[in-house]
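[1] Fold the following for me, if possible:
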Amino acid sequence: VCVCERESERECAVAKVSIVFPGSVFNVSLPPPPLSLLDELIDAGNRSKVLDVLVSPAIKSDVYVMGMLFCLGIFLSFYLLAFLVACLESKSRGGREECRIRSPWVPMLHRKREGLLNTPDASPAETASLLGKGLTPASPCQPYEYGSFDNGSTVSSEAITDSMASGDASYMERSLDSVGRCRHESLSSVEEEDYDTLADIDSDKNIVRTKKYLCVSDLARKDKRVLSKKYQIYFWNIATIAVFYALPVIQLVITYQTVVNVTGNQDICYYNFLCAHPLGALSAFNNILSNVGYVMLGLLFLLIVLQREIVHKRAMMRNELAALECGIPKHFGLFYAMGTALMMEGLLSACYHVCPNYTNFQFDTSFMYMIAGLCMLKLYQKRHPDINASAYTAYACLAAVIFFSVLGVVFGKGNTIFWIVFSVIHILATMLLSTQLYYMGRWRLDSGTPRRILNVLYTDCIRQCSGPMYIDRMVLLVMGNIVNWSLAAYGLIERPNDFASYLLAIAICNLLLYFAFYIIMKLRSGERIQWMALVCILFTAVVWGFALFFFFQGLSTWQKTPAESREHNRECILLSFFDDHDIWHFLSSIAMFGSFLVLLTLDDDLDCVQRDKIFVF
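    Residues are numbered from 1 along each chain as shown. Sure, this is the predicted structure:
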């Protein structure tokens, strides 16, 4: 006999059924019926109903074992693949180093440069120009657009002809030229006391960073050891944050699971009851197991970064010119932080799926904000190593994001005042960050800021119509402001119930926008994308597409009542053990790992290019 203990307008909460077996009696809690059946009921008073209960056996232990082996097999295969790729890269790296040393181009380039610098009739000003301070094709950081040539210049026309004749030869010449220079000969470190009385034009950061066209050498002047320690703080800080954040979360979800087991109230947690396989005290072990991919692939990424760091340190100890003077400056602290964040995302996602509900969802998204922020910081650090944000500033901003996420969970539902305040803060933060990026930190926020803004608007927009000095940066920031202002307007008008997902969408949109801008500017600057990075980009894009398909299946939702959520439940679709959301966990962990590899390998084509020939954008 089924007796409803309590009733509301639309649903019966918990139904208790006594099932009599030979020699024993079991009390079973059944979920309420679908709303479609409740609509057919006319009498809302006390009622009774006879039910036929079919008790079917649970899945066998073999299914659990197969599910565990499947998870381990998939992600251990990535370890094997990474080992094979590392072996191939080690062999090819040795061949490339031998080619650099024995290349016949190096002595010819030495003679060519010495002939230019030792011209007997050259004046000191012309000599300084040949050293890269004039508007010549020999200097890449000159006042014309990326990848173009100054047709009015007559110096080094032979180099222009050779470059026009063969694009690959030009790229090789640029790479080999970097090998031929020693540190003191590098164009990025020439002393100018003999040629120019304005000695601080190359030392004062306020002057260097306001040049119209910057190269990486302009923003890689700080001591490498100091910067390495600065970026290592990212890793140690996120490791500390992870410990203090994860321990209370684990304690809380254990309490939730204990309450569910003791009371039998299945309305506390929003499981996919048609594919929830218990193990021990856990009600949905399969949803927890599927998060193992984040942890295993995050650890694999840390090992790959460690291997790259060891190779780079050995090259530095051997004083290899390619490691000292060429390529994007190698700082690995942010990569370690990204790998740690991926592992923590797996742990906290597993904690959320112990008892999925509205209040626990913030645990699942907290380190997603971290990952998106760290990826944007890493992209910016590649071309701006000296002026990237410190770990303390970055994590303080991310803490503010998580703080607003908590406020949105508590006060966001239908609260107009909250959405107005958040939208205003969102727009102001976007404008402040845009100013910081446009002027590369060379501005002050004080009482005189409004007056300076009015002066700029009057002189540049009213008195004379002049375009922006940094066009590429302005294009990116205008697009970014359009996207963020549109998202702020959408939130203010629609006021979505899932504030955490809305905040995550803002972070992902900004990351994708910046990544697309980086790729476009990289290709526009005449750089290449090597086969490894290209394979990672294509593979990651495909996996993200399939992952999002399974994510939007919606097997349960805490935005509705428990009874309405159960109407979305579906059967298992993989090995009779995993549902659609588990497949989302598998694919999204692989896609995040691939995204990290894209950032790691994206600028490998510049490893042999002098830093004063790598553009900043």
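
[2] C-alpha only now, for contacts and for neighbours.
    Fine.

[3] List the contacts of residue 315.
    If a contact means CA atoms under 8 Å, 6 or more residues apart in numbering, then residue 315 has residue 323 as its contacts.

[4] Tell me how far it lies from residue 284.
    Taking CA to CA, to the nearest Å as the measure, residue 315 falls 49 Å from residue 284.

[5] Same check on residue 241?
    As it turns out, when the distance is counted by CA to CA, residue 241 lies 28 Å from residue 284.

[6] same deal with residue 475?
    Distance from residue 475 to residue 284, counting by CA to CA: 48 Å.

[7] quick one: least confident helix or strand in the protein?
    Across the helices and strands of the chain, mean confidence by mean pLDDT, DSSP states H and E is lowest for helix 157-165: a mean of 36.

[8] can you map out the strands along this structure?
    Taking DSSP state E as the test, the strands found in the chain are 3-4, 15-21, 24-30.

[9] pLDDT of the shortest one, averaged?
    Read that as strand 3-4. Confidence over strand 3-4 (mean pLDDT, whole number) is 42.

[10] Also the last one?
    Taken as a whole, strand 24-30 carries a mean pLDDT of 54.

[11] Show me which parts of stretch 389-405 are buried, residue by residue.
    By neighbour count with 16 or more other CA atoms under 10 Å, stretch 389-405 contains the buried residues 389, 391, 394, 395, 398, 401, 402, 404, 405.

[12] can you list the residues that contact that stretch?
    Contacts to stretch 389-405, defined as CA under 8 Å, 6+ apart, come from residues 230-231, 233-234, 237, 362, 366, 369-370, 373, 377, 499-500, 503.

[13] now, which of these lie within helices?
    Residues from the contacts of stretch 389-405 lying in helices, with DSSP state H as the criterion: 230-231, 233-234, 237, 362, 366, 369-370, 373, 377, 499-500, 503.

[14] What is the burial count for the nearest residue to residue 476 once chain neighbours are set aside?
    For residue 476, ignoring the flanking residues on the chain, the nearest one in space by CA to CA, 6 or more residues apart in numbering is residue 517 at 6.9 Å. Residue 517 sits with 17 neighbouring residues when counted by other CA atoms under 10 Å.

[15] Check the one 10 residues further on too.
    Residue crowding around residue 527 was assessed by other CA under 10 Å; the count is 17.

[16] cool, residue 276 as well?
    Using other CA under 10 Å, residue 276 has 20 other residues around it.

[17] Out of the ones in helices among the contacts of stretch 389-405, give me the two with the largest separation.
    With distances taken as CA to CA, the most widely separated pair in the ones in helices among the contacts of stretch 389-405 is 230 and 499, at 33.5 Å.

[18] re the thing from before, now which of the contacts of stretch 389-405 would you call buried?
    Under a neighbour-count criterion of 16+ other CA under 10 Å, the subset of the contacts of stretch 389-405 counted as buried comprises 231, 233, 234, 362, 366, 369, 370, 373, 377, 499, 500, 503.

[19] Show the pLDDT at the last one.
    This means residue 503. Looking at residue 503, its pLDDT reads 92.

[20] Spatially nearest residue to it, not counting backbone neighbours?
    Closest residue to residue 503 in three dimensions, ignoring its sequence neighbours and counting by CA to CA, 6+ apart: residue 405, at 7.2 Å.

[21] Ok, the fourth one next?
    Closest residue to residue 362 apart from its sequence neighbours, by CA to CA, 6+ apart: residue 500 at 6.4 Å.

[22] Model confidence for the most centrally placed residue in the chain, exactly?
    With distances taken as CA atoms, centre = their mean, residue 375 lies nearest the centre of the chain, 3.1 Å away. pLDDT, residue 375: 95.

[23] Return the residues in contact with it.
    Contact analysis of residue 375 by CA under 8 Å, 6+ apart lists 338, 511, 599.

[24] Most neighbours among the residues you listed, which one is it?
    Looking at the contacts of residue 375 with neighbours defined as other CA under 10 Å, the largest count falls to residue 338 at 28 neighbours.

[25] which ones are touching that residue?
    Contacts of residue 338 were listed using CA under 8 Å, 6+ apart, and they are 371, 374, 375, 596.

[26] How about the second one: what's its closest non-neighbour residue?
    Leaving aside its chain neighbours, residue 374 sits nearest to residue 338 (6.4 Å; criterion: CA to CA, 6+ apart).

[27] Would you quantify the distance from the residue nearest to residue 260 when sequence neighbours are not counted to residue 67?
    The shortest distance from residue 260 to any residue other than its chain neighbours is 6.5 Å, reached at residue 266 (CA to CA, 6+ apart). Residue 266 sits at a distance of 25 Å from residue 67 (criterion: CA to CA).

[28] repeat for residue 594
    When distances are taken as CA to CA, residue 594 and residue 67 turn out to be 24 Å apart.

[29] same check, this time on residue 81
    According to CA to CA, residue 81 and residue 67 sit 22 Å apart.

[30] Can you pick out the residue with more neighbours from those two?
    residue 67 (20 against 10).

[31] So what's the residue count around the closest residue to the more buried one other than its chain neighbours?
    Closest residue to residue 67 in three dimensions, ignoring its sequence neighbours and counting by CA to CA, 6+ apart: residue 577, at 6.6 Å. For residue 577, the neighbour count with other CA under 10 Å is 21.

[32] Kindly report the same for residue 471.
    12.

[33] Need the pLDDT of it.
    Confidence at residue 471, expressed as pLDDT, is 81.

[34] where's it relative to residue 344, distance?
    In this structure, residue 471 and residue 344 are 39 Å apart, going by CA to CA.

[35] How about residue 384?
    As defined by CA to CA, residue 384 lies at a distance of 28 Å from residue 344.

[36] And for residue 400?
    Applying CA to CA to residue 400 and residue 344 gives a distance of 19 Å.

[37] Next: residue 91.
    To residue 344, residue 91 is 34 Å away according to CA to CA.

[38] Which residue of the two possesses the greater neighbour count?
    For residue 91 versus residue 344, neighbours defined as other CA under 10 Å are more numerous around residue 344 (25 against 10).

[39] Just the pLDDT for the more buried one.
    Value listed for residue 344 in the pLDDT field: 95.

[40] just residue 354 next, same as before
    Residue 354 is assigned a predicted lDDT (pLDDT) of 93.
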